[in-house]
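Student: let's see this in three dimensions:
(one chain, ligands or ions: 3)
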Amino acid sequence: MKTNIPNSLFIRNRANLMACLPEKSVAVFTANEPMPRNGDQFYPFRQQSDFFYLTGIDAENAFLILSPNNPTEQYREVLFIEPYDEVKATWQGEMMDNKQAKEISGIETVKSSDEFYAVLNDIALTGCDTIFMNTYEYPKYECNVETIQQRFVKKIKELYPLHQFGRTAPILNELRMIKSKEEFDITQDACNITAKAFRRCLETVKPNRYEYQIQAEIEYIFKLNNASGHAYAPIVAGGKNGCCLHYSKNDDILNDGDLLLFDIGCEYKNYSSDLSRTIPVNGKFTERQKECYSAVLRVMKEITKLYKVGGTINEINQTTYRLMEQEMIKLGLFTAEDVAKQDPDHPLYRKYLMHGMSHHIGLDVHDSVDKYKPFQPGMILTCEPGIYIREEGIGIRIENDLLITEGEPVNLFEGLPIEIEEIEAAMR
Ligand code: GLY
Ligand code: MN
Ligand code: MN
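Tutor: Ligands and ions are numbered 1, 2, ... in the order given. Coordinates of the predicted model:
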């Protein structure tokens with residue numbers, strides 16, 4: 001999918017990063033590689049997010065060198081792309097040329113990736129003390145497969161064992177948390193497409209359809225509206241499946257009288273959207289479902305007020321737990337006396353609400369983070385309270401994406417049915 005993002009975004013992103021690099025340093029980056037699946041087959045290519053953030057280049061076998069203080073001007077920003085290959089072009093289609101790469105990225109010096117190590121040598125061995133490298137730094141990330149970024153770090157360290165090394169991840173994580181106008185606009189477009197997909201679900205969900213058939217409706221709308229696909233494994237979970245936080249089989253039948261929990265988001269121009277809604281399969285909430293849904297929605301409205309400058313994810317989580325505990329008492333899940341006696345390390349609400357309420361979104365759905373950082377204008381975060389009552393087969397999550405501003409947060413899903421009456425009306 002061509003992204004057609006103005007290269008002003010990537011030019012500014014590189015300038016912001018380079019402003020943070022010390023004298024006598026160079027930063028090097030590699031693109032992602034295709035992930036093999038089996039003979040002649042690969043998983044769909046997805047660019048490494050930082051590489052995309054700095055270049056806009058959505059192709060494999062590419063490198064970037066940033067050497068802001070280099071005396072040779074054309075070495076300050078150098079992009080390397082895969083050289084033209086007749087066989088590859090025949091089998092896989094048109095390849096990007098240097099002129100296109102320059103237009104996409106705004107980088108003047110574009111060379112063949114075959115030249116990368118020679119150019120780096122010239123830069124690294126002439127007045128450069130520190131090589132900055134990029135690895136994916138996300139606190140909860142575990143990966144048993146050695147990525148191209150990890151192999152790249154090993155190789156560069158072998159080539160330059162006596163240089164100092166630095167990490168670009170902390171700098172990029174900080175920069176990526178604040179979205180520019182271009183990024184906000186793309187994210188809003190992504191949310192609009194996801195909203196359309198949810199509206200289609202409101203019209204097409206009914207008892208005895210299968211979860212994957214509803215997923216097909218979503219995927220149809222995503223592609224029809226130029227999204228590349230899902231930003232994460234979609235959750236289309238009927239009844240008790242909604243209580244499974246990472247349910248993604250989506251292969252069950254939808255039963256009359258059950259709820260249906262969606263957690264879906266398209267990826268558009270490599271940016272994520274992240275939406276949760278919970279609806280009744282037959283178009284009408286039962287009284288009990290209404291009580292539980294209203295509890296979550298009330299709390300959501302309260303905590304949305306905390307998405308303001310200076311707020312924190314921790315404050316949102318703690319407030320939600322406190323409010324939901326009261327709602328759970330009203331729902332009869334436990335009593336105030338039970339709470340007074342509970343083990344503070346294992347509070348009773350945890351049985352029915354076991355996740356955090358917010359994360360940054362951006363090029364990654366759980367975007368690069370400093371989860372302690374107080375909110376600033378330009379951050380986009382989710383707001384996603386829920387309740388999961390396994391013994392009743394009731395799983396409810398409601399999720400919006402919110403832009404932090406100097407004033408009230410902007411809801412990127414503004415106008416999308418969320419009230420019980422709105423959902424029932426749309427399903428009639
Ligand atoms: N869709 C992933 C999440 O809501 O965090
Ligand atoms: Mn979600
Ligand atoms: Mn989310």
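Student: contacts only, for whatever residue of the stretch 301-428 of the chain ends up closest to ligand 2.
Tutor: Relative to ligand 2, the nearest point of the stretch 301-428 of the chain is Glu399 (5.0 Å; CB to the ion). In short, each C-beta sits where N, CA and C put it, glycine included. Listed by CB atoms under 8 Å, 6 or more residues apart in numbering, the contact partners of Glu399 are Asp263, Asp274, Leu275, Ser276, Arg277, Thr382, Cys383, Glu384.
Student: by neighbours, which of those wins?
Tutor: Looking at the contacts of Glu399 with neighbours defined as other CB atoms under 10 Å, the largest count falls to Asp274 at 28 neighbours.
Student: is the spatially most central residue of the chain in a helix, a strand, or coil?
Tutor: With distances taken as CA atoms, centre = their mean, Val365 lies nearest the centre of the chain, 1.2 Å away. With DSSP: H, G, I helix; E, B strand; the rest coil as the basis, Val365 sits in coil.
Student: got the contact list for it?
Tutor: So Val365 contacts Ala231, Tyr232, Gly265, Ser272, Asp274, His359 (CB under 8 Å, 6+ apart).
Student: and the closest residue to the fifth one other than its chain neighbours, how many neighbours?
Tutor: What it means is Asp274. The shortest distance from Asp274 to any non-neighbouring residue, by CB to CB, 6 or more residues apart in numbering, is to Gly265 (4.3 Å). Using other CB under 10 Å, Gly265 has 28 other residues around it.
Student: hang on, isn't Gly265 packed against Asn192?
Tutor: No. Contact between Gly265 and Asn192 fails when scored by CB atoms under 8 Å: they sit 11.8 Å apart.
Student: related to what we said a few turns ago, contacting residues around the residue nearest to Asp274?
Tutor: Contacts of Gly265 by CB under 8 Å, 6+ apart are Ala190, Thr194, His230, Ala231, Tyr232, Pro234, Ser272, Ser273, Asp274, Leu275, Val365.
Student: the residue in the chain sticking out farthest from the centre: which element?
Tutor: Relative to the C-alpha centroid of the chain, counting by CA atoms, centre = their mean, Glu337 is the outermost residue, at 40.6 Å. Per DSSP states H and E: Glu337 is located in helix 336-341.
Student: check the offset of that helix from the chain's centre.
Tutor: Taking CA atoms, centre = their mean, to the nearest Å, one finds helix 336-341 lying 38 Å from the centre of the chain it belongs to.
Student: tell me which helix or strand comes right after that helix.
Tutor: Following helix 336-341 in sequence, per DSSP H and E, is strand 380-383.
Student: is ligand 3 contacted by that following strand?
Tutor: Yes. Under the criterion of CB under 5 Å from the ion, ligand 3 is reached by strand 380-383 at Thr382.
Student: that strand vs ligand 2: in contact?
Tutor: No. Shown here: strand 380-383 not in contact with ligand 2 (CB under 5 Å from the ion), separated by at least 6.4 Å.
Student: please state the offset of the following helix or strand past that strand from the chain centre?
Tutor: Counting by DSSP H and E, the element after strand 380-383 in chain order, helix or strand, is strand 386-389. From the chain centre to the centre of strand 386-389 is a distance of 23 Å (CA atoms, centre = their mean).
Student: same list, the contacts of Gly265, but as a markdown table with distance to Pro344, secondary structure and pLDDT please.
Tutor: Output for the contacts of Gly265, formatted as a markdown table (distance: CB to CB, whole Å; DSSP: H, G, I helix; E, B strand; the rest coil; pLDDT from 0 to 100):
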| residue | distance to Pro344 | secondary structure | pLDDT |
| --- | --- | --- | --- |
| Ala190 | 40 | helix | 98 |
| Thr194 | 38 | helix | 98 |
| His230 | 39 | strand | 98 |
| Ala231 | 36 | coil | 98 |
| Tyr232 | 33 | coil | 98 |
| Pro234 | 36 | coil | 98 |
| Ser272 | 36 | strand | 98 |
| Ser273 | 37 | coil | 98 |
| Asp274 | 31 | coil | 98 |
| Leu275 | 34 | strand | 98 |
| Val365 | 32 | coil | 97 |
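Student: which of these sit farthest apart?
Tutor: Spatial extent of the contacts of Gly265 (CB to CB) is set by the pair Ala190 and Pro234 at 14.0 Å.
Student: quickly list what the residue in the stretch 301-428 of the chain that ligand 3 sits nearest to is bridged to.
Tutor: Closest to ligand 3 within the stretch 301-428 of the chain is Thr382: 4.0 Å, counting by CB to the ion. Note on Thr382: beta-bridge partners Asp401, judged by DSSP bridges.
Student: isn't it up against Asn400?
Tutor: Yes. Contact criterion CB under 8 Å: Thr382 and Asn400 qualify, at 7.1 Å.
Student: now name the helix or strand holding Ala118.
Tutor: Going by DSSP H and E, Ala118 is part of helix 116-124.
Student: next SSE downstream of that helix?
Tutor: strand 130-133.
Student: which other helices and strands contact the next helix or strand after that next one?
Tutor: For strand 130-133, the following helix or strand on the C-terminal side (DSSP H and E) is helix 148-159. Contacting helix 148-159 under the criterion 3 or more CB pairs under 8 Å, 6 or more residues apart in numbering; DSSP states H and E are the following elements: strand 25-30, helix 116-124, strand 130-133.
Student: and if we set it to 10 Å?
Tutor: For helix 148-159, the elements it packs on are strand 25-30, helix 116-124, strand 130-133, strand 164-167, judged by 3 or more CB pairs under 10 Å, 6 or more residues apart in numbering; DSSP states H and E.
Student: report the inter-axis angle for the first one versus helix 148-159.
Tutor: Read that as strand 25-30. 140 degrees (axes from the mean of the first three to the mean of the last three CA atoms, to 10 degrees).
Student: distance from strand 25-30 to the middle of the chain?
Tutor: Centre-to-centre, strand 25-30 and its host chain are 24 Å apart (CA atoms, centre = their mean).
Student: next, show the common contact partners of Thr382 and Asn400.
Tutor: Contact criterion CB atoms under 10 Å, 6 or more residues apart in numbering; residues shared by Thr382 and Asn400: Asp274, Leu275, Ser276, Tyr307, Leu412.
Student: would you list those in JSON lines and tack on distance to ligand 2?
Tutor: Below are those laid out as JSON lines (distance: CB to the ion, whole Å):
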{"residue": "Asp274", "distance to ligand 2": "4"}
{"residue": "Leu275", "distance to ligand 2": "7"}
{"residue": "Ser276", "distance to ligand 2": "5"}
{"residue": "Tyr307", "distance to ligand 2": "16"}
{"residue": "Leu412", "distance to ligand 2": "13"}
